[in-house]
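# Task: produce atomic coordinates for the following.
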Amino acid sequence: PPLGRFAVRDMKQTVAVGVIKEVAKKEAGGKTTKAAEKALKKK
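Below you'll find the model as predicted:
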């Protein structure tokens, strides 16, 4: 998500507000599901 302010609303009522200061991106790689592997093999 982009940096900035956000509000979480539920049933037209604001339940949380905040400011996103930084976004931690996880490195690509790691776990690959079996379904993802099958999809790659089909191509």
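
# alpha carbons only for contacts and neighbour counts from here, please
Will do.

# now the strands: where do they sit in the protein?
Counting by DSSP state E, the chain has these strands, from start to end: 4-10, 13-20.

# Residue 19 is in contact with residue 8, correct?
No - with contact taken as C-alpha atoms under 8 Å, residue 8 and residue 19 are classed as non-touching, separated by 11.5 Å.

# In CSV, list the strands of the chain along with distance to residue 27, mean pLDDT and mean neighbour count.
Output for the strands of the chain, formatted as CSV (distance: least, C-alpha to C-alpha, whole Å; pLDDT from 0 to 100; neighbours: other C-alpha atoms under 10 Å):
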stretch, distance to residue 27, mean pLDDT, mean neighbour count
strand 4-10, 23, 87, 10
strand 13-20, 20, 88, 10
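
# mind putting those strands in a markdown table, distance to residue 35 included?
Supplementary listing: these in a markdown table, determined by distance: least, C-alpha to C-alpha, whole Å:
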| stretch | distance to residue 35 |
| --- | --- |
| strand 4-10 | 33 |
| strand 13-20 | 33 |
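
# Quickly note the distance from the closest residue to residue 19 other than its chain neighbours to residue 22.
In space, and not counting its chain neighbours, residue 19 is closest to residue 5: 4.3 Å by C-alpha to C-alpha, 6 or more residues apart in numbering. According to C-alpha to C-alpha, to the nearest Å, residue 5 stands 12 Å off from residue 22.

# Make sure residue 5 is actually in contact with residue 20.
Yes - in this structure, residue 5 sits in contact with residue 20. The criterion is C-alpha under 8 Å, and the distance is 6.2 Å.

# tell me the contacts of the residue nearest to residue 17 when sequence neighbours are not counted?
With C-alpha to C-alpha, 6+ apart as the criterion, residue 17 has its nearest non-adjacent residue at 4.2 Å, and that residue is residue 7. In this structure, residue 7 makes contact with 14, 15, 16, 17, 18, judged by C-alpha atoms under 8 Å, 6 or more residues apart in numbering.

# now with 10 Å?
By C-alpha atoms under 10 Å, 6 or more residues apart in numbering, the residues touching residue 7 are 14, 15, 16, 17, 18, 19.
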